[in-house]
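Quick one: sequence plus predicted model below, questions after.
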Amino acid sequence: MEETLQRLEQEHRKAKDDLQAAESEAREAQANLVEAKRALQSLKKRHSDTEARHRGLHYELSQQHSLSARHRQMMASASVVLLEEEAVKAVERDIDSATASLDGMARMRMACYEMGQQECLAKDRLYQQVMQARARVTALRSRQESFRHSPGRVEPLKSQVQHLKGAVQSLRQQASTPDDTLQS
C-alpha cells in the first residue's frame, strides 16, 4: 500500500510538471499570437499609408494629364503602388493564416492543460480515498485490540475490517489503472 501511495504521488508530481509545461507552451503561443497581431497592425498601417499615397499620385496624374512624359511617369508610379498593395495584401493573408494557426495551437494547449487538470484532480481524489481507507483500517485495528477480550464485540469489527480490506483492494486496483477512474 505504501508503494502504491508513493507511485501515486510520483504520478501526481509528473502530471503537475506536465501541466506546468503545457501552461508555459500556451503562454508562449499567446505571446506569438500577440506579436503576429502587432505585425498585422503595422502592415495594415503601411497599407493605409500606401493607399493614401496612391490616391495622391492619382490626383497628381489627373492634374498633369496634358504632359505625356509626366503622365507616363505617374502611371509607372501608380503601377508600383498597386504592386506594393498586392504585396501587402499577400502578407496580410499570410499573417491571417499564421494567426489562425496560432489560435488553433493555443486552443490545443488549453485542451491539454484542462486534461492535465482533470488527471491531477482524479489522482488527488484517489489519494484521499486511500488515506481515508488507511485511517479507517488503523482505527478499526486499534478498536479490535481494545476489544480483544470481549468476543461478542470483536466479530462485528472483524467483518468491518474484512469489508475495509476489500475496499482497500478495490482502491489499489483503481490506483493501478488511473485512466479508468478518469473516464468514469
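Everything's here; your move. Numbers count the residues shown, from 1 in each chain.

where's R55, which helix or strand?
Assigning secondary structure by DSSP states H and E places R55 in helix 2-63.

for that helix, the distance to its chain's centre please.
Taking C-alpha atoms, centre = their mean, to the nearest Å, the mean C-alpha location of helix 2-63 is offset from the chain mean by 14 Å.

tell me what that helix is packed against?
The elements that helix 2-63 packs onto, with contact taken as 3 or more C-beta pairs under 8 Å, 6 or more residues apart in numbering; DSSP states H and E, are helix 68-146, helix 151-176. Glycine gets a C-beta too; all of them are placed from N, C-alpha and C.

That helix to helix 68-146, inter-axis angle?
For helix 2-63 against helix 68-146, the angle by axes from the mean of the first three to the mean of the last three C-alpha atoms, to 10 degrees is 170 degrees.

model confidence over helix 2-63, on average?
Mean pLDDT, helix 2-63: 87.

angle of it against helix 151-176?
Helix 2-63 and helix 151-176 are oriented at 30 degrees to each other (the same axes, to 10 degrees).

what's next to stretch 96-106, contact-wise?
26, 29-30, 32-33, 36-37, 40 (C-beta atoms under 8 Å, 6 or more residues apart in numbering).

Pull the number of nearby residues for S170.
12 (other C-beta atoms under 10 Å).

Return the per-residue confidence for it.
87.

contacting residues for the residue nearest to L140 when sequence neighbours are not counted?
Nearest non-adjacent residue to L140, counting by C-beta to C-beta, 6 or more residues apart in numbering: V161, 5.1 Å away. Contact partners of V161, counting by C-beta under 8 Å, 6+ apart, are 137, 140-141, 144.

Report pLDDT for V161.
82.

go on, A111?
For A111, the predicted pLDDT is 90.

In the protein, which residue is most central in space?
In the chain, the residue lying closest to the centroid (C-alpha atoms, centre = their mean) is M110, at 2.1 Å.

how much space between the residue nearest to that residue when sequence neighbours are not counted and S77?
Closest residue to M110 apart from its sequence neighbours, by C-beta to C-beta, 6+ apart: A26 at 6.1 Å. In this view, A26 and S77 are 47 Å apart by C-beta to C-beta, to the nearest Å.

just S170 next, same as before
Separation of S170 from S77 (C-beta to C-beta): 82 Å.

next one: A22
With distances taken as C-beta to C-beta, A22 is found 52 Å from S77.

Likewise for R93?
According to C-beta to C-beta, R93 and S77 sit 25 Å apart.

between these two, which one's more packed in?
Between R93 and S77, counted using other C-beta under 10 Å, S77 has the larger neighbour count: 16 against 10.

you'd agree the more buried one is up against L57?
Yes - between S77 and L57 there is a contact under C-beta atoms under 8 Å: 5.3 Å.
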